[in-house]
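# quick one: sequence plus predicted model below, questions after.
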Amino acid sequence: MPEPMGFFTDTTVCIGCKACEVACKEWNQLPSTDGGANTLSGHSYDNTRQLDGIHWRHVKFVEQFAADREGGRWLMMSDVCKHCVQAGCLEVCPTGAIIRTEFDTVVIQSNVCNGCRDCIAACPFGVIGTNPVSGTAQKCTLCYDRMQVGLTPACAKACPTESIKFGPIASLRRTARARVERLQGQGRTRAYLYGDDETILGGLNSFYLLEDRPEVYGLPAAPKLPSRNLVPGSLWSGLGALLVGLVGLVSFRQRRMEENGATGGEGRRNV
Amino acid sequence: MSDTFFTAPPHWQWLVILYFFFGGLAGGSYLIAVLADFFGDASDRGLARLGYYVALPAVGIGGLLLIGDLTRPERFWHMLVMSERGWPILKYWSPMSVGSWGLLAFGGLAFLSFLGALAESGRAPAALSVLRHGPLARLIAGLGGLGAFFLAGYTGVLLAVTNRPVWSDTPLLGFLFLVSANSIAAAALILLGRWQGVGSSSMARLARMDRWLIVLELLALIAFVLSLGPVARVWVLLLGVVLAGLVAPLALHWRPDLLGSLTAPAAAVLVVVGGFMLRVVIVLAAEAV
């Protein structure tokens, strides 16, 4: 059994070149948006906008500028499926299309998925979308096909600054913690790791080095599993069933009792 | 900021909303039929038959709507059978998986009860009346009644078992949908019963049941909004449902001569439309965030 593999994305060295996006699209043969029509987002230099069925890598541009353009900063982050150890998408998928691989990654089998889209609603990070070509839900596979023959995923291979690092999770975590320590030592005290331990969904097999709150990067602070609502939701529904049953019982019983009363307790007629 | 705001919409829209409506109608109608059979008397048998007549087409339409909503409809059977191995698949912790099996099982039982109702009214071979009278019929109705409860409520649990705003912010959606489904069904049977000639005493009991269900639904809706916490502002969208679908029909129940002979049907129409609008608002509210 191979050891768990994944990505460590160091956002402090990302330059926003989007080479990872291009490499991902090329290797995985993902179609262009709207048949290649050149549409701009209009509010950002980022025109990819989001992760979805045809964008499995997305370099986010967090553009923070004062109204008078005096001060400001760019934060750049190459976002991708987190390959959660406790994966919400895998949990709800009714067809078994979503599987955990021998590398501890999460993969959607496109030949099994029937497009119910439950996984899209379940993902805490909004990673999954429908690929209009296949008509199925799709997302990053962590280049499962490349990994099976010992190759590095296309995005990590293409990244010119090594912002995207690929490798065994255990060694990535060591690298990441050393990097945070070095940054802290240089006075960049806001540097921290997101998803490098079990506190977030049992651990993210794609984790990040960030320099601001998770929300600033469009990440939830405390993502949860969809199944948290299963037992409470079912119990409340059970209570609802009980109440509705009681209302029905009383509505129809009362009639029987009234009739019994009306016929002098001789019992019902039309039995 | 709520953690649910970082998620993506599944684009469950009109087909899913219609399924929630027809699934609720099917479950509720069947359940009222079973209640009439088990707790009513012989004069309620016409009402019970009507409930079975409504349940089967409603669940059939619901199933077709769901298949139509898949982006690969020809693979609908993947919900039940692992396409690569040929084994059945059931994930008890996934409401959609359990729901697929529940829909299938309920559909089968609703079909048997439908045949029994046809036989009782002489429109199907008399041999089929074992599905309407006797121990087999009771077994079918008992199991079908449980299936009806499930069908009426699981859709709310399904929405809750996601990470979307509004849906996953409360455990009360299943409760709300279950009550509302039965209220819709009672109102629909009141409307169809007038046309189908169901006895006036059955109709009166049905109206009484719906009255209580509307009150229960109003309470469920208030509890639902209160449980939403940071996204409780969704109450604005529900205001129309509350006024037109709950308060107005309650007022009509309270003053039965307000609109003359049209009072009861008007109240029933409002309840049915209100139940539909409830599902529209809940499903699309998450899409809009």
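On my side now, so go ahead.
# which SSE is A:V22 in?
Here A:V22 sits within helix A:19-27, counting by DSSP states H and E.
# er, B:I140 actually
B:I140 belongs to helix B:135-160 when assigned by DSSP H and E.
# ok so, going back, who does the helix holding A:V22 touch, helix- and strand-wise?
With contacts taken as 3 or more Cβ pairs under 8 Å, 6 or more residues apart in numbering or on different chains; DSSP states H and E, helix A:19-27 sits against strand A:57-65, helix A:154-158. Glycine gets a C-beta too; all of them are placed from N, C-alpha and C.
# and chain B, is the helix or strand just after the first one touching that?
Okay, so that is strand A:57-65. In the C-terminal direction, the helix or strand that comes right after strand A:57-65 (DSSP H and E) is strand A:72-80. No: Strand A:72-80 stays clear of chain B (Cβ under 8 Å from any Cβ of the partner chain), getting no nearer than 10.9 Å.
# return the set of buried residues in strand A:72-80.
A:L75, A:M76, A:M77, A:S78, A:D79, A:V80 (16 or more other Cβ atoms under 10 Å in any protein chain shown).
# let me see the contact set for the third one.
So the one you mean is A:M77. Counting by Cβ atoms under 8 Å, 6 or more residues apart in numbering or on different chains, A:M77 touches A:T9, A:T11, A:C14, A:V59, A:K60, A:V62, A:Y208, A:L210, A:Y217.
# which of these tops the neighbour count?
A:T9 (27 neighbours; other Cβ atoms under 10 Å in any protein chain shown).
# quick check: that one touching A:L204?
No: judged on Cβ atoms under 8 Å, A:T9 makes no contact with A:L204 at a distance of 10.3 Å.
# quick one on the thing from earlier: check the offset of the helix holding B:I140 from the chain's centre.
The chain centre lies 10 Å from the centre of helix B:135-160; the measure is Cα atoms, centre = their mean, to the nearest Å.
# helices or strands up against it?
helix A:230-262, helix B:14-39, helix B:95-120, helix B:173-196, helix B:263-288.
# with adjacent residues omitted, what lies nearest to B:D210?
Nearest in space to B:D210, with sequence neighbours left out and distances taken as Cβ to Cβ, 6 or more residues apart in numbering or on different chains, is B:A186 at 3.9 Å.
# swap in A:Q86?
Closest to A:Q86 by Cβ to Cβ, 6+ apart is A:G202, at 4.0 Å.
# can you give me the pLDDT of A:R255?
pLDDT recorded at A:R255 is 54.
# and A:L243, by the same measure?
Value for A:L243, per-residue pLDDT: 97.
# for B:R255, which of the helices and strands packed on helix A:19-27 is the nearest?
strand A:57-65 (58.7 Å; Cβ to Cβ).
# point out where the stretch 151-271 of chain A drops to low pLDDT.
Of all residues in the stretch 151-271 of chain A, those with pLDDT under 70 make up the ranges A:254-271.
# go with 50
Applying pLDDT under 50 to the stretch 151-271 of chain A picks out residues A:264-271.
# most tightly packed of the helices and strands packed on helix A:19-27?
Ranked by mean neighbour count, these are led by helix A:154-158 with a mean of 22 (mean count of other Cβ atoms under 10 Å in any protein chain shown).
# which elements pack onto that one?
helix A:19-27, strand A:164-168.
# from the chain's centroid, how far away is the last one?
Remark: strand A:164-168 is offset 19 Å from the chain centroid, using Cα atoms, centre = their mean.
# one more: the longest one?
Relative to its chain's centre, helix A:19-27 lies at 20 Å (Cα atoms, centre = their mean).
# repeat for stretch B:270-284
Centroid separation between stretch B:270-284 and its chain, computed with Cα atoms, centre = their mean, is 12 Å.
# what does it rub up against?
Under the contact criterion Cβ under 8 Å, 6+ apart, stretch B:270-284 has outside partners B:12-13, B:16-17, B:20-21, B:24, B:159, B:166-167, B:173, B:176-177, B:180-181, B:183-184, B:186-188, B:191, B:210, B:214, B:221, B:234, B:237-238, B:240-241, B:244-246, B:248-249, B:252.
# of these, grab the buried ones for PyMOL.
Here is the PyMOL command that selects the buried residues among the contacts of stretch B:270-284 (16+ other Cβ under 10 Å):
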select buried, chain B and resi 12+16+17+20+21+24+159+166+167+173+176+177+180+181+183+184+186+187+188+191+210+214+221+234+237+238+241+245+246+248+249+252
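# got the contact list for B:G51?
The neighbourhood of B:G51, defined by Cβ under 8 Å, 6+ apart, consists of B:S29, B:Y30, B:L31, B:I32, B:A33, B:V34, B:A36, B:A185, B:L189.
# please redo it, this time with the cut-off set to 10 Å
Counting by Cβ atoms under 10 Å, 6 or more residues apart in numbering or on different chains, B:G51 touches B:26, B:28-37, B:44, B:110, B:113, B:117, B:148, B:185-186, B:188-189, B:192-193, B:198, B:206.
# what subset of those residues is buried?
Neighbour counting by 16+ other Cβ under 10 Å classes B:26, B:28-37, B:44, B:110, B:113, B:117, B:148, B:185-186, B:188-189, B:192-193, B:198, B:206 among the contacts of B:G51 as buried.
# can you find the helix or strand of chain B with the lowest average pLDDT?
Within chain B, no helix or strand scores below helix B:235-240, which has a mean of 88 by mean pLDDT, DSSP states H and E.
# follow-up on the earlier one: nearest to A:A97, out of the helices and strands packed on helix A:154-158?
helix A:19-27 (20.6 Å).
# how about that closest one: buried residues?
Buried positions in helix A:19-27, judged by neighbour count with 16+ other Cβ under 10 Å: A:A19, A:C20, A:E21, A:A23, A:C24, A:K25, A:W27.
# next, the angle from it to strand A:72-80.
Using axes from the mean of the first three to the mean of the last three Cα atoms, to 10 degrees, the inter-axis angle of helix A:19-27 relative to strand A:72-80 is 30 degrees.
# A:D196: what secondary structure?
Recorded secondary structure, A:D196: coil (DSSP: H, G, I helix; E, B strand; the rest coil).
# not counting sequence-adjacent ones, nearest residue to it?
A:F207 (4.6 Å).
# secondary structure element holding that neighbour?
Assigned by DSSP H and E, A:F207 falls within strand A:206-210.
# what about B:S201, how many residues nearby?
As a burial measure, B:S201 scores 16 neighbours (other Cβ under 10 Å).
# which residues of chain B score low on pLDDT?
Residues of chain B meeting the criterion pLDDT under 50: none.
# can you do 70?
Residue ranges of chain B with pLDDT under 70: B:289.
# before we move on, the earlier item: possible to save the buried residues of helix A:19-27 as JSON lines with pLDDT?
Shown next, in JSON lines, are the buried residues of helix A:19-27 (pLDDT from 0 to 100):
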{"residue": "A:A19", "pLDDT": "98"}
{"residue": "A:C20", "pLDDT": "98"}
{"residue": "A:E21", "pLDDT": "97"}
{"residue": "A:A23", "pLDDT": "98"}
{"residue": "A:C24", "pLDDT": "98"}
{"residue": "A:K25", "pLDDT": "97"}
{"residue": "A:W27", "pLDDT": "98"}
